Structures are given as C-alpha cells and as structure tokens.
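Peer 1: sequence plus the predicted model coming up.
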Amino acid sequence: MKELKKLNKLFAKYKWQLIGGIIVTIISRVLSLILPKYVGKIINLLNEYSSATEAQKETIGDDLTIYIYYILGSTLLAAVLTFIMRQLIIVVSRHLEYDLKNVVYQQYQRLSLGFYKQNRTGDLMNRISEDVSKVRMYMGHAIMYSINMLTLFAVVIPAMINTAPSLAVYTIIPLPILSVAIYVISREINKRSTLVQEYLSNLNTISQESFSGISVIKAYNLAPLMTEQFTHVANDSKDKNIDLARIQALFFPLMVLLIGLSNIMVIYVGGQQVIDGTIEVGTIPEFLIYVNMLTWPVAIVGWVTNMIQQAEASQKRINEFLDIDPTIKNLKETTTPIQGSISFNNVNFIYEDTNIHALKDVSFEIEAGKTLAILGKTGSGKSTILELIGRLYDIENGSLKVDNREIRDLNLDNLRSAIGYVPQDAFLFSETIGSNIAFGKKDATQEEIEKAAKNAVVHKNIANFTKGYETVLGERGITLSGGQKQRVSIARAIIKEPQILLFDDCLSAVDTETEEKILNNLKKVTKDTTTIIVSHRVSSAKNADQIIVLDNGKIIERGNHESLLNNNGYYAELFANQMLEEEEK
C-alpha cells in the first residue's frame, strides 16, 4: 500500500470525522454481541421450561420478555449507530474524492506544455475520473468495512473463547487458511487491475480522438477503419477484464466453503460437548450466530482486498503524474509589474521531444508599446518565439528579458496575466460566444464584449445569429467558420487590455479586406501595447515598427517595410508575389 500513503495528508483534514466514525463503529459492534448472548440464554431457558415448576415457568417467562427487550433495544441502537457510521465515513470519502480530483487537476494545470505533447488526452481524463473513483472506494467503503471487520473480530472471537474455549478454537481454524489465500490472490488482482485501467485509458483515448476528429474521419471515409481499431482495443480490454473477474471469482466460493466448515465444526464439536455436558445446548445457536456474524466480515475481506488492490493500482497511475516536477516553475513569489519591453540575446532553443533546433542565435529588441512583425517559412521558428515570451518553455542558451529582467526572474502569474495570446489554431470553449470573449476578462460587461467584437470585426456575424452573443458553440468552436473563430479569439485577447499582445498567424483565415480593418482597429486599441504579429502575409506586417524574417531558426533580414523592400531579399520577393496574387484576384 505504499502508493496509497500519498493520501495520508488528505485524511488528516477529516481526522475528527474519521475518528468519530471509528468510535461509533466500535460501539455498534459491541452492542451486536447482545443478540447471540441472549439468544443462547433464551434457548437454555426454553430447554429448562418443560421440567420447571409453575413458579419457575412464570420466572422464565418474565426473563424471556426482558431478554427480548434487550435484543430489540440493542439491535435498534446498533442500526442507528451503523447509519451514523456510514454518514461519517462515506461522506468523508466523497469529500476526499473532491479534494483528490482538485489535486490532480491543479497538477495538470501546473505541468508544462511539453507534458501534454507526450501524453494522450483520454489517458489524462481516465486518471482523474476512473482512477480517482477507484481510490474513493478505498477511502470510503474499504476503510469502513475494514474497521467493521477488525472490530467484529476483536469483540466476537474473545466472546467465543470466553464462552467455550475449545469450541472457539475449532470454529476459527479455517480463518488462517483464508488469510493465506487472500494474500496470494490479492497480489494477482493488483497486476490485473493495473492492466485493466491501462486498457480503459486506451479506449478513452481512441473515443476522444474519434469524436474530436469526426469531420476528418467522415471526409476520408475512415469510419470502418476506426471501428475496427476500436473493436480491437475493446476486445483486448474485455479479455483483461475477464481475466480480472476470474481471479476475483475465487473469493466468494472459497469463503462460503470456509464458513460452511466453521458451521459444521460448531454443530459437530458443539454437539459432542453438549452430550458430554461440557457446554449448554444454548451455546450451539449462540456460536452459530457468532459464526454468521463473522461471515460478512470474512467475506468482505476479499472485497476489501480487491478494492484496496484496485485503489493501489489506480493511485500508482495518479502518482505517476503527481510526482512529475513541472519544468516551468514560478521562481518569483513577489509581484513584478510588466511594462512590455522584450529583448532576445543569442537565444537558442531545441524541442526535447523532437530534437528540432527551432531557434539559432536569435537576437532582437522591442520597446514597450511598439509593434514587431515576424515573417518566415513554415517551421522557421516564428511560433517558438511567442511560446518563449509566454514562458511555455524555458531557454537553456542565451538570454530572454522582459523589462530588462531575465524572464525567469519575473512572477509567472504576472507575466502571463500581462499577455494576450491568439494562437494559430484558435481554440474556443463549448460556451456562449459572449463567454468565450469574456474569458479574457471575467468581469467584462456586455458593452465591453461587443466593443472587443467590433474591433475584431466579428460583431456583425455574431449579431446575425439567432441568439447573438448567447449562441452556444459546439466543441472547439465548431459552430463557427475558421475566420470567425480567429476573430473571436482576437476579441478575447484584446478585451483584457494586456501589456503584451501576441498574434500567431491569426488572420490566415480572413480575407485581405477584413484583415485590413482588423489591423487598423488594432492600431487604435494597442497604441500603448507591445504587439508581436507572426504572419505569412506582408500585409499583416508592413505597418509594424520593426520586421524580422526567419529562415531555419535564424534571422536573415530585419528592418521596417521600406528598408526591407530596398534590400531586394526574401521579404521583397514575398511582397511582390503576394501583390501579384492580389492583382490576379
């Protein structure tokens, strides 16, 4: 259970509820001893009744009534305490589940971008849902039944030994055999539970990717192939579940056999002792009740062990992510206000997962409030520059400064709060259009939302929708066209009025006329904002204060629009080609 030790700090938060649950459990189990004890006494009284005098019969009747009241009262009180026990322990398990999901989710938020490139969404979802649910069963039911089981053993077995020592020994002989069998079987359950969870993650991943890429699947007529792939993984998952079920199925038949042996021991050995006069006849039904009281705890040993082994396997998978140390850390706890000046000095960057050398000795400076445009071929390193400014990755060689301070020396939350970022692949949430725009500023008014949409030249499109800004988007914004998604993303970035705006080829899906309107609006709203525009179009870059051209991770040209045209290099050639295309249209 070494993996489950990680949960101890969560348990500490609810220690008083758990202690209360344990105390109530002990009291309820102690009260349960009244039933077999008084049933035995009742049987003995009935055995004496036939040979008793009339006066003795009257006394026996009174005693029987009292004993029945004892049994009813103790049973009722034990039932109430059992209800309280469940309310304390099971409710705590739900709180612990909530806390654990938050811990996992917060860790997901802290982990760096590279982590998500190396792990599949379906697997991440499975660990925060299915795996956490398995752990919850341990934190609630397994703990409750374990306490119940241990308490029963602690009170029932001494009561049996106190009543009839030799008979008690024969009765509990099968229990050590059960313990050994559970130990052997539980180890195998742990292995098979881990495999089951891994295959469930594979199923979730295939399902999630199929739903997200359904348009591609239909366009390429890949439905039969995807169905075949899903069926193959589903069959493997089914086989692993069947293997787990087979080993789990050994528990209950084994327990029924051992409990049956205990009952036979009670009847046979107890009968011999009654004949010999060692014990009274009432001791046999008393012991049968004791054995049946132990039946559920003994039976539950298998279930509890199964739950603990599954929880151990699931917590191990959760710990694999909880133990990952984020590569990007906030190294500055104090507040660091951001003005917006940016400086790259001989920056080199290599992506660890692909070993691509994205940037090679890149150096440039941009003053706060100025505009920089970055052009270049696909894969030249343009987007990497934006990712480094947002500190989605850390550089190992060179120097990257914001406001003349090394970027690592800035408070990470302050840095990212000061940035408005529009990615190349615009991502929108399955919320209303208004909520998606206000995502950049949670307290934004409707007037501010509409103003941002107008500056992004998307207000008219939204107004034409039946529900306007209350239109709920499909997953990843599928309701909108590519150009509309880009413009909503631009509105989301500018509504927060950041100190730094990063546009990653976010106008590629709009026509040149709309592009010109957006750029003119951006001039007005970003006049005091440091703006970096990554683009393939010269039209997006021509009005920038500074333009750099990248090729294979290196800066090959820099200057403003006029100076670069005079150089007759890549920029001038790109401008001529794009002007020719416009004329042909």
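Peer 2: Ah, there it is.
Peer 1: care to break this protein down by domain?
Peer 2: Domains of the chain are assigned by automatic domain parsing as 3-322, 335-418+501-585, 425-497.
Peer 1: as a markdown table, the ones you listed with mean neighbour count and distance to residue 328 would be great.
Peer 2: For glycine as for every other residue, the C-beta is placed from the backbone atoms N, C-alpha and C. As requested, the domains of the chain are arranged in a markdown table below (neighbours: other C-beta atoms under 10 Å; distance: least, C-beta to C-beta, whole Å):
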| stretch | mean neighbour count | distance to residue 328 |
| --- | --- | --- |
| domain 3-322 | 17 | 5 |
| domain 335-418+501-585 | 17 | 6 |
| domain 425-497 | 18 | 20 |
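Peer 1: least confident of those domains, on average?
Peer 2: Lowest mean pLDDT of the domains of the chain: domain 3-322, a mean of 81.
Peer 1: nearest spatial neighbour of residue 561, chain-adjacent residues omitted?
Peer 2: Closest residue to residue 561 apart from its sequence neighbours, by C-beta to C-beta, 6 or more residues apart in numbering: residue 542 at 4.4 Å.
Peer 1: quick check: phi and psi at that neighbour.
Peer 2: Dihedral angles of residue 542 (phi, psi; degrees, to the nearest 10) stand at phi -60, psi -30.
Peer 1: what about residue 375, which SS state?
Peer 2: Classification of residue 375 using DSSP: H, G, I helix; E, B strand; the rest coil returns strand.
Peer 1: cool, the one 10 residues further on as well?
Peer 2: Secondary structure for residue 385, judged by three-state DSSP, is helix.
Peer 1: that one against residue 532, yeah?
Peer 2: Yes: counting by C-beta atoms under 8 Å, residue 532 is a contact partner of residue 385 at 7.5 Å.
Peer 1: shared neighbours of those two, anything?
Peer 2: With contacts defined as C-beta atoms under 8 Å, 6 or more residues apart in numbering, the residues shared by residue 385 and residue 532 are residue 374.
Peer 1: residue contacts, residue 282?
Peer 2: Residue 282 sits next to 39, 40, 41, 42, 43, 44, 47 when contact means C-beta under 8 Å, 6+ apart.
Peer 1: measure it to residue 534 for me?
Peer 2: Using C-beta to C-beta, to the nearest Å, residue 282 is found at 89 Å from residue 534.
Peer 1: please apply the same query to residue 245.
Peer 2: Distance of residue 245 to residue 534, computed by C-beta to C-beta: 54 Å.
Peer 1: so the closest residue to residue 199 other than its chain neighbours: helix, strand or coil?
Peer 2: Leaving out its chain neighbours, the residue that sits closest to residue 199 by C-beta to C-beta, 6+ apart is residue 237, at 3.9 Å. Put simply, residue 237 is helix when judged by three-state DSSP.
Peer 1: same question, residue 399
Peer 2: Under three-state DSSP, residue 399 comes out as strand.
Peer 1: quick check, it in contact with residue 345.
Peer 2: Yes: between residue 399 and residue 345 there is a contact at 4.2 Å, judged by C-beta under 8 Å.
Peer 1: could you measure from the residue most central in space within the chain over to residue 289?
Peer 2: The C-alpha lying nearest the average C-alpha coordinate of the chain belongs to residue 128 (C-alpha atoms, centre = their mean; 2.2 Å). As for residue 128, its distance to residue 289 is 45 Å (criterion: C-beta to C-beta).
Peer 1: next one: residue 75
Peer 2: Residue 75 sits 12 Å away from residue 289, going by C-beta to C-beta.
Peer 1: which parts of the stretch 201-350 of the chain are strands?
Peer 2: For the stretch 201-350 of the chain, applying DSSP state E, counting those that start in this stretch gives strands covering 342-350.
Peer 1: in what helix or strand does the residue nearest to the centre of the chain lie?
Peer 2: Element membership for residue 128 (DSSP states H and E) is helix 121-137.
Peer 1: could you do residue 81 as well?
Peer 2: Element membership of residue 81, judged by DSSP H and E, is helix 54-110.
Peer 1: against which helices or strands is the helix or strand just after that helix packed?
Peer 2: Using DSSP H and E, the helix or strand that follows helix 54-110 in sequence is helix 113-118. On a contact count with 3 or more C-beta pairs under 8 Å, 6 or more residues apart in numbering; DSSP states H and E, helix 113-118 meets no helix or strand.
Peer 1: helix 113-118: how far from the chain's middle?
Peer 2: Relative to its chain's centre, helix 113-118 lies at 16 Å (C-alpha atoms, centre = their mean, to the nearest Å).
Peer 1: ditto for stretch 245-262
Peer 2: Chain-centre distance of stretch 245-262: 35 Å, with C-alpha atoms, centre = their mean.
Peer 1: for that stretch, C-alpha coordinates in CSV please.
Peer 2: Provided in CSV are the C-alpha atoms of stretch 245-262 (Å, rounded to 0.1, in the frame of the first residue of the first chain):
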residue,chain,number,x,y,z
ALA,A,245,-13.1,-11.3,-13.0
ARG,A,246,-11.8,-14.9,-13.0
ILE,A,247,-9.4,-14.3,-10.2
GLN,A,248,-12.0,-12.2,-8.3
ALA,A,249,-14.5,-15.0,-8.6
LEU,A,250,-12.3,-17.3,-6.4
PHE,A,251,-13.0,-15.2,-3.3
PHE,A,252,-16.7,-15.9,-2.5
PRO,A,253,-16.8,-19.6,-3.2
LEU,A,254,-13.7,-20.0,-1.0
MET,A,255,-15.4,-18.0,1.7
VAL,A,256,-18.6,-19.9,1.5
LEU,A,257,-16.7,-23.2,1.8
LEU,A,258,-14.7,-22.0,4.9
ILE,A,259,-17.8,-20.5,6.6
GLY,A,260,-19.6,-23.8,5.9
LEU,A,261,-16.7,-25.7,7.5
SER,A,262,-17.0,-23.4,10.6
